[in-house]
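Peer 1: I'll drop the sequence and a predicted model, then ask my questions.
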Amino acid sequence: MMTWATAAPAISATFLASIVEVVEAFTIVLAVGTVQGWRPALAGTAAGLGVLGLLVLALGPVLDKVPIQSLQLVIGILLLLFGLRWLRKAILRAAGIIALHDEEQAFAKETSLLQDAARKRISHLDWIAGLAAFKAVVLEGVEVVFIVIAVGAGRGLLWPAALGALAACILVLVIGIAVHKPLSRVPENTLKFGVGVMLSAFGVFWTGEGLGVEWPGHDAAILVLAAIFLSAGLALISLARRPVEIAR
Amino acid sequence: MTVLRLIFDEFVGLFVDDEQLALSILAVVAGCWLVVHYVHDNSITIGLLLLFGCLGVLMASVVKGARR
């Protein structure tokens, strides 16, 4: 049965993760639309969304056939790999060890690539521009699809998880169309840190369930696990800011 | 084909960025599975082993990243 203790983290995890991914895809589609016009940008986006739709349609029936405990174990392990990777990167970025992702820079890079192609009078420029939009939508969208399936499939929460992702897409598109420039003020690393915390908590929970662990408090244990990962993540940010002391 | 290859690489990259981090996570899960399988213990101890194993792996990976 769906409880708020599992539904709320699932919805917020997919919502926040999808904001990060949709912002990145939007930046590239915007660059394509600005330089080469909206026809190839929208065609590439539509083709990308079509591929993602097919992926979801193909995966849905497969998931129904896998026994729940095996599904929880596999998804839990994938979530641990994915969540801890995001969390590690967000910690190193917050500590100033690796550079923050810059949407303005990504927009400038894509714009410059397309302008270069236009200057060289490359034929099929619409095709190249459409392909750039297609790649951005598919590559970022695959991450959204994975997160929705991973946090939703283990407890029959696919619809709430998908709604979280859909809400993020609508929000980014509405704001993006209104401001008509890269959404560089989105605190991307903070969102990635938060999502990394939640996905790691889901990962430990599902992997544990897949191994047969009976968590005290059942689904509410996810919130406790998230609090532990949050505290550890914050502690690691301050620890990583002092690499010289750590090395001693 | 280049696009398909790029999509495949990106998909693998979703889970494996730092190979050592990925292998360490798999080692923690494998260790927990061995305890469940051979000691027949699937109590909360396994959950704690999994949790603190993952936290240890994360800490080691961050410290290593900070030292680079």
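Peer 2: Okay, I see it. Residues are numbered from 1 along each chain as shown, chains lettered A, B, ... in the order given.
Peer 1: lowest-pLDDT helix or strand in chain A?
Peer 2: Least confident element among the helices and strands of chain A, by mean pLDDT, DSSP states H and E: helix A:243-247 (a mean of 52).
Peer 1: Write out the residues of chain B neighbouring chain A.
Peer 2: B:3, B:6-7, B:10-11, B:14-18, B:21-22, B:25-26, B:29, B:32-33, B:36, B:42-44, B:46-47, B:50-51, B:54-55, B:57-59, B:61-63, B:65-68 (C-beta under 8 Å from any C-beta of the partner chain). For every residue, glycine as well, the C-beta is placed using N, CA and C.
Peer 1: Give me the buried entries from the residues you listed.
Peer 2: Among those, those that count as buried by neighbour count (16 or more other C-beta atoms under 10 Å in any protein chain shown) are B:14-15, B:17, B:21-22, B:25, B:29, B:32-33, B:36, B:42, B:46-47, B:50-51, B:54-55, B:57-59, B:61-62, B:65-66.
Peer 1: Now, the residues you listed that are in strands?
Peer 2: Among these, none falls in strands (DSSP state E).
Peer 1: out of the residues you listed, which are inside helices?
Peer 2: Residues of these located in helices (DSSP state H): B:14-15, B:21-22, B:25, B:29, B:32-33, B:46-47, B:50-51, B:54-55, B:57-59, B:61-62, B:65-66.
Peer 1: next SSE after the longest helix anywhere in chain A?
Peer 2: Ranked by residue count, the top helix of chain A under DSSP H comes out as helix A:4-36. Using DSSP states H and E, the helix or strand that directly follows helix A:4-36 along the chain is helix A:38-65.
Peer 1: Let's verify A:Lys181: helix, strand, or coil?
Peer 2: coil (DSSP: H, G, I helix; E, B strand; the rest coil).
Peer 1: go on, the one 5 residues further on?
Peer 2: Three-state call for A:Val186 (three-state DSSP): coil.
Peer 1: Count the neighbours of residue 28 for me.
Peer 2: Looking at chain A here, since you left the chain open. Counted with other C-beta atoms under 10 Å in any protein chain shown, residues neighbouring A:Ile28 total 27.
Peer 1: nope, chain B
Peer 2: Count around B:Val28 with other C-beta under 10 Å applied: 23.
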